[in-house]
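> predicted model, plus sequence, below.
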Amino acid sequence: MRDALTYSKPLEIYAEPQSGNRLRGGSHQLPHPTTPRPGRAGSLPRRQLFDCGFGVFRYAALPVCLEQWRYDAAITLLPASPATLSVSVTDSRACTAADQVVIRVNPAPIANAGPDLSVCSGQGATLNGSATGGTSPYRFVWSTGAAAASAPINPATNGAYFLTVTDSNGCLGMDQIGVTVVVNPTVRAGSDQNICAGAAVALTATPGGGTAPYRYAWTTGDSLASISVTPASSSVYSIVLTDSNNCSASDEVQIQVIPMPVASIQGSSQVCLGSSVTLTASGGSSFQWNTGSTASRISVSPGVRTVYEVVVLNSPNCSDTTSVTVEVLPLPAVSLPEQVTLRQGESRQLDAGSGADAYQWTPTEGLSCTDCPDPVLQPQAGATYCVAATKDGCSAEACIEVAVSDECPVFVPNAFSPNGDQVNDLFCPYSNCLQELKLEVYSRWGALLFAGTGSEACWDGKQGGQDQNSGAYVYKIEGTTLNGKKVVLAGEFSLLR
């Protein structure tokens, strides 16, 4: 009897007359001789009989009784249990030979491709196969070509994947797994936003596609579709949405935090009555004054104490408010006559009033002082004189128009008495409008007795140190007025002793 054969798949067995009349078995059909072998007498038998006592073999679920086996045919067996197969061969001379083959049936391995699964679109998965039964070690081959128990896949459409398991005996086991590609959900975290520092903002995740219900996972740790956040600085918030198929989508939204503006107003908080003050707001990009102006700088002229308020804004309308109170200061009292006419050399005291901190006159020519309220005016020519009075930084002004006539009166005494009593001891012509005055005194017979200019133009009644007699004398006066006109005067006067 030959060695036992072990199979778990259909087995072909055939008999061939040989010199040893032995039965051969195997898994592949071998060619049978069709002509007598050389050196053998007689002819090949036409039929071989099989002992059917070992039971019934199954092939393609049909029972086959091995009662006869034609020599030119092959028998394929799918034994369900171990068996011993006997065969006898009788030649044409009625000589008989017999043999047996033992068939052991090994269990086939059981392949397990795993349960059907769903894969999110665009995502990969791993097929995990396993095997039981048979004789390890196993060799795994997937229909993808992967030669391992686990095989990565990235399917684009629905499909089936096949797993073939081969054990150490060469026995096979097969299984398949169905893979369904599921459409992913979508999610929108909303539009990027700009908010003011310290403000809260609502974020809402909007799902689409996939299969409800959905699960939400914000980077804040919140698990609701809508949340409220108050970021201290510019931040990015992400949302991951997962549907009932465990397919997910993500999105993010950026929240830009705009610092709050700090409003301020530059400008004087005091203004003189009738004057204007410029107020300048800063700290933002746009402005709203309670005057209605939207400029950063405004000019105001309040008549009474007034509060000016401004709202300073920057994008996106973050605002701060501030205000300034402007006090109105009264003007100092100052006044002058509208006009005055003076003769040449004539003076007049002016009075601008009192109560101011400072006074300033213009022009300065012809004034006894330029920073007092009441200077003496003696102009050489007509002009308009103005005084600016200042108190608490506020100024008021008054002006007077001064006219100077061309008249230049000259006072000439008609007599004098040089007797040393300190009264009328000198003959002095006087004029406040003449400059470069020259005096000459003559006797009645035309003799020059005295000549003097300026402050020396006064005669003491002597000539050569000798007192002159009482009587009539002649004077001659020459000079130039303040406005440049030449004056010549002559006349008589008396010397009394």
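Good, I have the coordinates.
> how far away is Ala383 from Val340?
11 Å (CB to CB, to the nearest Å). No exception for glycine: its C-beta is placed from N, CA and C like everyone else's.
> likewise for Val105?
Remark: distance between Val105 and Val340 (CB to CB) = 151 Å.
> quick revisit: shared neighbours of Ala383 and Val340, anything?
Here Ala383 and Val340 share the contacting residues Val402, scored by CB atoms under 8 Å, 6 or more residues apart in numbering.
> which residues does Gln176 bridge with?
Phe162 (DSSP bridges).
> do you know the pLDDT at it?
Predicted confidence (pLDDT) for Gln176: 97.
> same check on Asp3?
Looking at Asp3, its pLDDT reads 38.
> so that it lines up with my notes, have the first residue be 146 from now on.
In the new numbering, first residue 146, that becomes Asp148.
> which strand residues bridge the residue most central in space within the chain?
With distances taken as CA atoms, centre = their mean, the residue of the chain nearest its centroid is Gln401 (6.6 Å). With DSSP bridges as the criterion, Gln401 is bridged to Asn339.
> residues contacting it?
Contact partners of Gln401, counting by CB under 8 Å, 6+ apart, are Asp337, Gln338, Asn339, Ile340, Ser379.
> that one and Ser421: what is the separation?
Taken as CB to CB, the span from Gln401 to Ser421 is 41 Å.
> again, but for Ile322
For Ile322, the distance to Ser421 - CB to CB - is 89 Å.
> which one of those two has more residues nearby?
Ile322 (21 against 11; other CB atoms under 10 Å).
> enumerate every residue touching the more buried one.
Contacts of Ile322 by CB under 8 Å, 6+ apart are Ala258, Gly259, Pro260, Asp261, Leu262, Leu272, Ala305, Tyr306, Leu308.
> measure it to Phe307 for me?
With distances taken as CB to CB, Ile322 is found 8 Å from Phe307.
> any common contacting residues for the two?
Ala258.
> immediately after the one helix or strand Gln580 maps to, which helix or strand?
Applying DSSP states H and E as the criterion places Gln580 in strand 579-587. Next helix or strand after strand 579-587 toward the C-terminus (DSSP H and E): strand 593-598.
> so what's the gap between that next one and the chain middle?
Its chain's C-alpha centre and that of strand 593-598 lie 98 Å apart, by CA atoms, centre = their mean, to the nearest Å.
> returning to what we had before: out of the contacts of Ile322, which one sits closest to Leu512?
Among the contacts of Ile322, Leu262 lies closest to Leu512 (CB to CB), at 112.2 Å.
> could you report the neighbour count for the residue lying closest to that closest one once chain neighbours are set aside?
Of all residues not flanking Leu262 in the chain, Val324 sits nearest, at 5.9 Å (CB to CB, 6 or more residues apart in numbering). By other CB under 10 Å, 17 other residues sit near Val324.
> Val324: which element?
Taking DSSP H and E as the definition, one finds Val324 inside strand 317-327.
> may I have that strand exported as PDB, CA atoms only?
Output of strand 317-327 as PDB, limited to C-alpha atoms (Å, rounded to 0.1, in the frame of the first residue of the first chain):
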ATOM      1  CA  LEU A 317      -7.600  27.200   0.600                       C
ATOM      2  CA  GLY A 318     -10.200  29.400   2.300                       C
ATOM      3  CA  MET A 319     -11.900  32.400   0.900                       C
ATOM      4  CA  ASP A 320     -14.100  35.300   2.100                       C
ATOM      5  CA  GLN A 321     -15.200  38.700   0.900                       C
ATOM      6  CA  ILE A 322     -16.100  42.100   2.500                       C
ATOM      7  CA  GLY A 323     -18.400  44.700   1.100                       C
ATOM      8  CA  VAL A 324     -17.200  48.400   1.300                       C
ATOM      9  CA  THR A 325     -19.600  51.300   1.000                       C
ATOM     10  CA  VAL A 326     -18.200  54.800   0.200                       C
ATOM     11  CA  VAL A 327     -20.200  57.300   2.200                       C
END
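> what lines up beside whatever helix or strand comes next after that strand in the sheet?
Toward the C-terminal end, the helix or strand that comes next after strand 317-327 (DSSP H and E) is strand 330-333. Strand pairing for strand 330-333, using DSSP bridges, gives strand 351-354 (antiparallel).
> list the buried ones in whichever helix or strand comes after the partner strand?
On the C-terminal side of strand 351-354, the closest following helix or strand by DSSP H and E is strand 360-363. Within strand 360-363, the residues scored as buried using 16 or more other CB atoms under 10 Å are Tyr361, Ala362, Trp363.
> report pLDDT for the residue of the chain most remote from its centre.
Distance from the C-alpha centroid of the chain peaks at Arg238, with 112.3 Å (CA atoms, centre = their mean). Per-residue pLDDT puts Arg238 at 84.
> same question for Arg182.
Arg182 is given a pLDDT of 32.
> what of Ser550?
83.
> over to Leu230?
pLDDT, Leu230: 73.
> so it sits against Ile248, correct?
Yes. Counting by CB atoms under 8 Å, Leu230 does reach Ile248; the two are 6.4 Å apart.
> show me which of the two is the more surrounded one.
Neighbour count, other CB under 10 Å: between Leu230 and Ile248, Leu230 has more, with 24 against 20.
> okay, that one and Cys316: tell me how far apart.
Using CB to CB, Leu230 is found at 20 Å from Cys316.
> poorly predicted segments of the stretch 146-295 of the chain, please.
In the predicted model of the stretch 146-295 of the chain, residues 146-225 satisfy pLDDT under 70.
> most neighbours, which of the contacts of Ile322?
Leu308 (26 neighbours).
> residues near Glu601, how many?
Using other CB under 10 Å, Glu601 has 12 other residues around it.
> contacts only, for it.
So Glu601 contacts nothing (CB under 8 Å, 6+ apart).
> excluding its backbone neighbours, what's nearest Ser562?
Leu641 is the one closest to Ser562 (CB to CB, 6+ apart), at 4.5 Å.
> likewise for Leu593?
Closest to Leu593 by CB to CB, 6+ apart is Tyr587, at 5.8 Å.
> check contacts around the nearest residue to Asn435 once chain neighbours are set aside.
Closest residue in space to Asn435, ignoring its immediate chain neighbours: Glu454 at 4.5 Å, by CB to CB, 6+ apart. Glu454 makes contact with Trp434, Asn435, Thr466, Thr467, Ser468 under the criterion CB under 8 Å, 6+ apart.
> filter the contacts of Gln401 down to the buried ones.
Buried members of those, counted by 16+ other CB under 10 Å: Asn339, Ile340.
> now distance to Gly609 and pLDDT too, for the contacts of Gln401, in CSV please.
Output for the contacts of Gln401, formatted as CSV (distance: CB to CB, whole Å; pLDDT from 0 to 100):
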residue, distance to Gly609, pLDDT
Asp337, 117, 96
Gln338, 116, 94
Asn339, 111, 93
Ile340, 112, 94
Ser379, 112, 96
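> which one of the contacts of Ile322 is nearest to Val549?
Closest approach between the contacts of Ile322 and Val549, by CB to CB: Leu262, at 120.0 Å.
> okay, that closest one and Ser295: tell me how far apart.
For Leu262, the distance to Ser295 (CB to CB) stands at 13 Å.
> again, but for Ala497
Ala497 is 110 Å from Ser295, by CB to CB.
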